[in-house]
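Participant: quick one: sequence and predicted model below, then my questions.
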Protein chains: 2
Amino acid sequence: MERLYARYELESPLPLEDAAAVIAGEQSCGTFLRLPGETDELRERSGARIESVVETGSSPTPALPCRIRSDRYRRGEMVLSWPMENFGPSLTNVLATVAGNLFELAEVSALRLLDITFPPSFAAAYPGPAFGVKGTRRLAGVADRPMIGTIIKPSVGLGPDETAAMVEQLVAGGIDFIKDDELQADGPHCPFEARVDAVMRVVEDHAQRNGRKAMVAFNITGEIDEMKHRADHVLARGGTCIMVSLHSIGLAGLGAIRRHASLPLHCHRNGWGLFSRSPDIGIAYEAWQKFWRIAGADHLHVNGLANKFSESDTSVIASAKAVGTPLFGAGLPGFEALPVFSSGQTAAQVAGTHAAVGSPDFLYCAGGGIMGHPQGISGGVASLRQAADAAMAGIDLDTHALTHPELAAALSLFKDKR
Amino acid sequence: MERLYARYELESPLPLEDAAAVIAGEQSCGTFLRLPGETDELRERSGARIESVVETGSSPTPALPCRIRSDRYRRGEMVLSWPMENFGPSLTNVLATVAGNLFELAEVSALRLLDITFPPSFAAAYPGPAFGVKGTRRLAGVADRPMIGTIIKPSVGLGPDETAAMVEQLVAGGIDFIKDDELQADGPHCPFEARVDAVMRVVEDHAQRNGRKAMVAFNITGEIDEMKHRADHVLARGGTCIMVSLHSIGLAGLGAIRRHASLPLHCHRNGWGLFSRSPDIGIAYEAWQKFWRIAGADHLHVNGLANKFSESDTSVIASAKAVGTPLFGAGLPGFEALPVFSSGQTAAQVAGTHAAVGSPDFLYCAGGGIMGHPQGISGGVASLRQAADAAMAGIDLDTHALTHPELAAALSLFKDKR
């Protein structure tokens, strides 16, 4: 019978095997107190199984407040597994099982879900990304280089016409991709449909003239029916991408939009810090991104190298690699998503990003890195394109800058980013 | 113009006023680098405003890993506000604003959203709970005492007929409310519709005989269309409640079900530990529950006194009071929800719960506290009813036990819970 596996880091006032048994019981058919009806056969059929427990260290104090006292709190990793019979191929119910009540248990003083292995039945039950890298390249008209994108700034405050004027400059500057900020959705000052109408007039106009349509990710985040309506509106106006804030709409929300809309889903991870910031509680990106890819995410944010947030480059690179790693075995769809680099990105980090990803299959979004360029927006876009060209050709960035003034200007301005 | 207010606890390597300015900028129209287009007028219209900052202490080390070094990390509270013009009355977009990228900022070494004040436009834009305390009492046939409930155990592993047999015993024992465990939804071993059909035959049979229908919360958690279909099925079989795992379905998911189904929404908070377990990152229950009530939650889990998890009684009581506190001013709907006590609950904690809530308007769920009773399920239910009677009449529990053997047996068995 198929099983689902989850790997955790944990700390406990109890021996780790005992803590693992409490968690396995709480998250399947039992507790330490055996109840009537909890037969051996039922436990065998429905119980979570402890696959492994490895102790890696200990501390005299608990990482998180813990009312069970001990003179040492052991730390380590465990792998649990569940029979698919318990929940079937259902992302929402798997989440309630592998990331449910267990975080509250008194028997743990730290707990992070590190990874999860979804069995092949999920490949059959869910659609996965409809566009991914290939479909996005086709719609954006970018064959084989990194796609260069930006975010409308100021994040919020521009009306529809002001937004369209900004898009006009960006498209004229040669940008491949533009996204709404996650703070901009359908506020009274910049209503969704009016913004789409104004922006798409500009985008379509340029597309007719130069044969390539910039991809704009419009933030449709809202109630389910609102999102469906907004997705339809984007499609009707010739738009090629929609954006959602994942934590706002939930797994069920993303699933509903995936089934309704035939546009790439640009998935914003705002709120991710809540899951990742503490080393003692949360869900690792490796595990987190699998849920969203199965539900249908085409583009997933992975932050960026030398970013403005607290995340390390090592973690950013691991995330980018994760979203491109096939989810199931050979012969099954891989549900690969396109990694989106963003936040504090400039021409200075393009080569490092290319090397880390190991291919040009990524979307590289810069805000200040474009808008703040001394030669303006077109200079900013050119500097990123030039940096990508150099990276793909294996040319040293400074050498390339000698003959490419926009790149040279960017490297000089953003030298703290290298 | 209407504004939305959010209160945070934060720690920072910077002076707190500077950290607050970074957060306010990141979550509205600006960053420290002023961009073209970020006019004074735009900042005035769309910027988040720092309403107050109070320093409460400091530490020589950061609470969470933080790459900005300092010799002291200041801790305190701040209140920010946003103009409603930025997002309109949209829960999903408010969440992305007040609990979005800010948790990742390098300028904070701890950040918790403590509370939020939704302006009255949310009372007009959202339906809130359709049933709440009053509607639940009407459907459960319980006029004025605490409602006594339980969870099907083992949590998962029983098939539809075994579940119905368990429900038979519970209903015969006089229970008011029964819920699926959050691990039980629509797994192959206990398909949703077969379980509803088997359980509702038992429930309807008893209802016809004794005139009162026990309320059963069936766990419909799944994709949006699945949930709608399941809710319809419950209603068609005479069921009176549906349950969802909030973090699995998301705010947009709950909103869709609220608008579709005409049944009380029993809202399970599994995964809550991820938001609450660390004192340094997360969202306080006070803030969290407001989102779900506005979206339509009728019943909200608040854990229980002397529970099996890590939460303190003080926190449990504060949560229970929170869900019953009106959300808006006089003359507007309060969107009050019914607090659900659960996890490690027995007759021993009923009086304390009643005193803490300050009224009998709560749902009291016990698993082992009923199933583990020496006189069986009916003894367990009786012990809880007797404890509630004593609490409401102001009679000392031990005195009441002298003439109520089921209560006496429970108090003896669960003496560690007092």
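Facilitator: Done, it's in. Numbers count the residues shown, from 1 in each chain, chains lettered A, B, ... in the order given.
Participant: how close does the closest residue to residue A:93 other than its chain neighbours sit to residue A:247?
Facilitator: Counting by C-beta to C-beta, 6 or more residues apart in numbering or on different chains, residue A:93 lies nearest to residue A:87, which is 4.1 Å off, once chain neighbours are set aside. The C-beta positions use only the backbone N, C-alpha and C, and glycine is treated the same way. Plainly put, residue A:87 is 22 Å away from residue A:247 if you go by C-beta to C-beta, to the nearest Å.
Participant: between these two, who's got more neighbours?
Facilitator: residue A:87 (27 against 22; other C-beta atoms under 10 Å in any protein chain shown).
Participant: doesn't residue B:191 make contact with the more buried one?
Facilitator: No. With contact defined as C-beta atoms under 8 Å, residue A:87 does not reach residue B:191; the gap is 11.7 Å.
Participant: can you give me the strands for the stretch 101-250 of chain A?
Facilitator: A:110-117, A:147-151, A:177-179, A:215-219, A:241-245 (DSSP state E, counting those that start in this stretch).
Participant: so which residue of chain A comes closest to chain B?
Facilitator: Closest residue of chain A to chain B, C-beta to the nearest C-beta: residue A:250 (1.4 Å).
Participant: quick one, phi psi at the residue nearest to residue A:93?
Facilitator: phi -130, psi -10 (degrees, to the nearest 10).
Participant: burial count for residue A:213?
Facilitator: 20.
Participant: show me what contacts the most centrally placed residue in chain A?
Facilitator: Against the mean C-alpha coordinate of chain A, by C-alpha atoms, centre = their mean, the closest residue is residue A:300 at 3.4 Å. The neighbourhood of residue A:300, defined by C-beta atoms under 8 Å, 6 or more residues apart in numbering or on different chains, consists of A:267, A:269, A:289, A:292-293, A:323, A:337-340.
Participant: who does whichever strand or helix holds it pair up with?
Facilitator: Taking DSSP states H and E as the criterion, the element that holds residue A:300 is strand A:299-301. Strand pairing for strand A:299-301, using DSSP bridges, gives strand A:265-268 (parallel), strand A:338-341 (parallel).
Participant: run a quick neighbour tally on the residue of chain A closest to chain B.
Facilitator: There are 29 residues near residue A:250, going by other C-beta under 10 Å.
Participant: confidence score at it?
Facilitator: On pLDDT, residue A:250 comes in at 98.
Participant: was I right about it contacting residue B:251?
Facilitator: Yes. If you go by C-beta under 8 Å, residue A:250 and residue B:251 touch, sitting 6.6 Å apart.
Participant: and the stretch 301-418 of chain A, which residues reach chain B?
Facilitator: Neighbours of chain B within the stretch 301-418 of chain A, by C-beta under 8 Å from any C-beta of the partner chain: A:303, A:308-311, A:343, A:367-368, A:371-372.
Participant: and these as a markdown table, adding secondary structure?
Facilitator: As requested, those are exported to a markdown table (DSSP: H, G, I helix; E, B strand; the rest coil):
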| residue | secondary structure |
| --- | --- |
| A:303 | coil |
| A:308 | coil |
| A:309 | strand |
| A:310 | coil |
| A:311 | coil |
| A:343 | coil |
| A:367 | coil |
| A:368 | helix |
| A:371 | helix |
| A:372 | coil |
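Participant: give me the lowest-pLDDT entry from those.
Facilitator: residue A:308 (85).
Participant: among the strands paired with strand A:299-301, which comes closest to residue B:215?
Facilitator: With C-beta to C-beta as the measure, strand A:265-268 is the member of the strands paired with strand A:299-301 nearest residue B:215 (37.7 Å).
Participant: so the next helix-or-strand element following the closest one, near chain B or not?
Facilitator: Where DSSP H and E defines the elements, the next helix or strand beyond strand A:265-268 is helix A:272-276. Yes. If you take C-beta under 8 Å from any C-beta as the test, helix A:272-276 does meet chain B, through A:272-276.
Participant: neighbours of residue A:71, how many?
Facilitator: 7.
Participant: shouldn't it be in contact with residue A:58?
Facilitator: No. Using C-beta under 8 Å, residue A:71 is not in contact with residue A:58, being 9.6 Å away.
Participant: got a pLDDT number for the closest residue to residue A:247 other than its chain neighbours?
Facilitator: With C-beta to C-beta, 6+ apart as the criterion, residue A:247 has its nearest non-adjacent residue at 3.9 Å, and that residue is residue A:271. Among the per-residue scores, residue A:271 shows a pLDDT of 98.
Participant: ok, residue A:271 touching residue B:98?
Facilitator: No. Under the criterion of C-beta under 8 Å, residue A:271 is not in contact with residue B:98, lying 9.9 Å apart.
Participant: ok so, going back, would you turn the residues of helix A:272-276 next to chain B into JSON lines with distance to residue B:5?
Facilitator: As requested, those are exported to JSON lines (distance: C-beta to C-beta, whole Å):
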{"residue": "A:272", "distance to residue B:5": "24"}
{"residue": "A:273", "distance to residue B:5": "21"}
{"residue": "A:274", "distance to residue B:5": "20"}
{"residue": "A:275", "distance to residue B:5": "25"}
{"residue": "A:276", "distance to residue B:5": "27"}
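Participant: could you chop chain A up by domain?
Facilitator: Residue ranges for the domains of chain A, per automatic domain parsing: A:3-119, A:132-417.
Participant: who wins for neighbours among the residues of the stretch 301-418 of chain A next to chain B?
Facilitator: For these, the largest neighbour count, defined by other C-beta under 10 Å, is 28 neighbours, found at residue A:303.
Participant: which residues are contacting the helix or strand of chain A with the lowest mean pLDDT?
Facilitator: Within chain A, confidence by mean pLDDT, DSSP states H and E is lowest for helix A:40-46 among all helices and strands, at a mean of 87. Helix A:40-46 is contacted from outside by A:28-30, A:83, A:85-86, B:154, B:156-158, B:189, using C-beta under 8 Å, 6+ apart.
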